[in-house]
Each structure stands twice: as structure tokens, then as C-alpha cells.
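> Need coordinates for the below:
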Amino acid sequence: MLAIIGGTGLTEMPGLDIVGHFSSETPLGTASNGVTHGRLNGRDVLFIARHGHPHKLPPHRINYRANLWALKQAGATRVVGVNAVGGIDPLLAPGTLVVPDQLVDYTHDREATFFDGRFKPLKHIDFSWPYSAGLREALLQAGRDQGLSVVDGGIYGATQGPRLETAAEISRLARDGCTLVGMTGMPEAALARELALEYACLSLVVNPAAGVTDAEITMAEIEAALEGAMVQARGLLEHLLVCSDVPDLES
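Down below sits the predicted model:
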């Protein structure tokens with residue numbers, strides 16, 4: 001079953017026929033919110049708000065392990081993480097949708113694995129390619145079907161937050177090859193891999209990253225860009241859900 005992790009601007013999925021709710025309590029603590037089980041045009045989907053509903057949890061305080069565990073227990077096999085991001089590549093204007101294919105993790109002090117020797121025995125996973133190729137292609141095809149210009153590929157730099165980055169930090173990320181910057185891409189992607197969940201990221205560019213332009217970054221501009229991009233993202237996700245005839249996609 002497809003699951004959607006809603007980020008900033010996506011705390012609920014309008015239009016769902018609600019089937020039920022799963023508890024937010026897990027063996028790893030409390031998830032950001034209870035998992036919602038709904039149907040859209042007869043297709044089952046799971047949804048969880050990454051920051052809670054209402055939006056209240058900062059990126060470094062999210063219990064990513066509980067969120068992924070709750071989705072797995074609810075029956076998820078595929079997960080799309082929706083993320084609001086800054087554009088490091090100057091060509092990625094606010095409102096652009098991107099399906100990244102790589103990431104660099106700059107976060108710290110987050111519970112980042114199930115295989116910590118306490119909850120589960122130590123185990124190493126191959127994370128060379130952090131996103132499911134099959135699910136990435138399904139997102140891109142859904143965008144094409146909707147007539148949307150979705151960028152294929154990009155490198156997501158995951159920072160700690162909740163503050164935005166300095167211009168010098170963004171310059172460093174650019175030298176490292178990052179084209180996008182966000183605060184919630186990790187450890188979410190790695191935890192999904194540990195649970196054998198197909199995972200892909202749908203990034204919504206809501207501002208030029210610090211120093212990319214001379215303009216000051218304002219929350220008003222971010223919110224305006226997010227509102228427009230989220231309309232497109234919702235349409236893409238609904239099409240992905242309704243038109244996908246493949247129950248589980250290969251990585």
C-alpha cells in the first residue's frame with residue numbers, strides 16, 4: 001500500500017474517504033501523528049503528517065523511527081516523502097517540483113537507525129542509491145501525465161534546522177554537489193530502507209537558498225510558493241495513487 005508522509009504545507013490529504021486511524025504509539029515512542037487510512041477513487045492510501053497536525057514539531061524533534069514504524073505496521077509497502085526545500089541550483093525557481101536521486105546527510109543527534117544494538121541487532125544496509133528507482137519513475141510519470149514540469153534528479157542536502165542556513169553553509173553544500181536543501185530528508189530515507197520500504201522524495205522548491213540571490217528570505221514568500229506548489233503536488237500524488245496498477249514497485 002502507498003503511504004504519503006506530508007511535510008510543511010501538507011498536514012492532511014483533502015478528498016480522502018477516511019477508513020480508519022492507527023494509534024500514534026509505537027515501541028519506539030510516539031509518532032508525529034496517528035496514521036490515517038483512507039481511500040481515493042477506490043484506492044487505499046496511508047497518510048501521516050511529519051510535523052504533526054497541527055504543524056508543531058521542528059525537524060530535529062521528529063520521531064522519524066516511530067513514524068516509519070507506524071506506517072510499516074499499518075501496511076505500507078511504498079512511501080513518498082513530501083518535502084519543502086530551498087533551491088541551491090539557481091535554475092530551480094520557487095514552485096518547482098523535483099524528484100531527487102541522491103542525498104547528503106548533514107544532520108546530527110537524531111535517532112537514525114533501527115539497528116542500534118538495542119531495539120534491533122546491528123546491521124549494515126546498502127544505501128548507495130537512497131531512493132527507489134521504480135517509485136521515482138512512477139512519480140515522474142505521474143507528473144508527465146498531469147502536464148507538470150517535474151525535474152528528474154537532484155542531490156538533497158539534509159541540514160539540522162530549524163533555522164535556515166547561512167550563505168556560507170549553502171556555498172559549502174553547493175561545493176559538495178547539493179542542488180536542494182531541506183531539514184527532514186534524513187534519517188527518513190535510511191529508516192525506510194532498513195524496513196524494506198520503497199521510498200522516494202517529492203521536493204517542492206519554496207525559496208532560493210541563502211546567498212543564491214541577493215534577496216532576503218521571508219516566510220511570506222515561502223508560504224506563497226508553497227501554496228502554489230502544493231496544489232500541483234497534490235494533483236500529482238492523486239494521479240500516482242489512482243493510475244498506478246502496480247501494487248509494489250521494484251527498487
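
> from here on, contacts and neighbour counts on C-alpha atoms
Fine.

> what about residue 169, neighbour count?
Residue crowding around residue 169 was assessed by other CA atoms under 10 Å; the count is 15.

> how close does it get to residue 211?
According to CA to CA, to the nearest Å, residue 169 and residue 211 sit 9 Å apart.

> Now for the protein: which helix has the highest residue count?
Ordering each helix of the chain by length in residues (DSSP state H) puts helix 219-243 first.

> buried sites along that helix?
Buried positions in helix 219-243, judged by neighbour count with 16 or more other CA atoms under 10 Å: 222, 225-227, 229-230, 232-233, 236-242.

> of those residues, closest to residue 2?
Distance to residue 2 across these (CA to CA) is lowest for residue 241, with 7.4 Å.

> The closest one and residue 2 touch, don't they?
Yes. Counting by CA atoms under 8 Å, residue 241 does reach residue 2; the two are 7.4 Å apart.

> show me what contacts residue 67?
With contact set as CA atoms under 8 Å, 6 or more residues apart in numbering, residue 67 has these partners: 31, 32, 33, 48, 50.

> Tabulate these (TSV), appending distance to residue 156 and secondary structure.
Below are the contacts of residue 67 laid out as TSV (distance: CA to CA, whole Å; DSSP: H, G, I helix; E, B strand; the rest coil):
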residue	distance to residue 156	secondary structure
31	24	coil
32	23	coil
33	25	coil
48	21	strand
50	18	coil
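
> Looking at the residues you listed, which gets the smallest pLDDT?
Minimum pLDDT for the contacts of residue 67 is recorded at residue 33 (89).

> who touches that residue in this structure?
For residue 33, the contact set (CA under 8 Å, 6+ apart) comprises 24, 48, 49, 50, 52, 53, 67.

> neighbours around the first one, how many?
Counted with other CA under 10 Å, the neighbours of residue 24 add up to 17.

> For the stretch 1-150 of the chain, which segments count as strands?
2-6, 17-22, 25-26, 29-30, 35-40, 43-49, 78-87, 97-99, 102-105, 150-152 (DSSP state E, counting those that start in this stretch).

> Verify the contact between residue 186 and residue 157 for me.
No. Residue 186 is not in contact with residue 157 according to CA under 8 Å; the separation is 9.1 Å.

> So for the two, which sits in the more crowded spot?
residue 157 (28 against 25).

> for the more buried one, which residues make a bridge with it?
Counting by DSSP bridges, residue 157 forms beta bridges with residue 104, residue 181.

> The residue positioned nearest the centre of the chain and residue 139: what is the separation?
Centroid-nearest residue in the chain, with CA atoms, centre = their mean: residue 81, separated by 2.5 Å. Using CA to CA, we find residue 81 at a distance of 11 Å from residue 139.

> Distance check, residue 17 against residue 218.
36 Å.

> other SSEs contacting the helix or strand harbouring residue 204?
Element membership for residue 204 (DSSP states H and E) is strand 198-208. Judged by 3 or more CA pairs under 8 Å, 6 or more residues apart in numbering; DSSP states H and E, strand 198-208 is in contact with strand 78-87, strand 97-99, helix 133-145, helix 188-194, helix 219-243.

> for these, which one sits closest to residue 60?
helix 188-194 (11.7 Å).

> helices or strands up against the closest one?
helix 64-74, strand 198-208.

> can I get the helices and strands packed on strand 198-208 in TSV with distance to residue 44 and mean pLDDT?
TSV is the format used below for the helices and strands packed on strand 198-208 (distance: least, CA to CA, whole Å; pLDDT from 0 to 100):
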stretch	distance to residue 44	mean pLDDT
strand 78-87	12	96
strand 97-99	23	98
helix 133-145	17	96
helix 188-194	20	98
helix 219-243	8	88
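
> which one of those lies closest to residue 118?
The closest of the helices and strands packed on strand 198-208 to residue 118 is helix 188-194. By CA to CA, the value is 15.0 Å.

> For that closest one, list the C-alpha coordinates in PDB.
Presented in PDB, the C-alpha positions along helix 188-194 are these (Å, rounded to 0.1, in the frame of the first residue of the first chain):
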ATOM      1  CA  GLU A 188      13.700   9.200   7.000                       C
ATOM      2  CA  ALA A 189      15.100   7.800   3.800                       C
ATOM      3  CA  ALA A 190      17.500   5.400   5.500                       C
ATOM      4  CA  LEU A 191      14.900   4.200   8.000                       C
ATOM      5  CA  ALA A 192      12.600   3.300   5.100                       C
ATOM      6  CA  ARG A 193      15.400   1.300   3.600                       C
ATOM      7  CA  GLU A 194      16.000  -0.500   6.900                       C
END
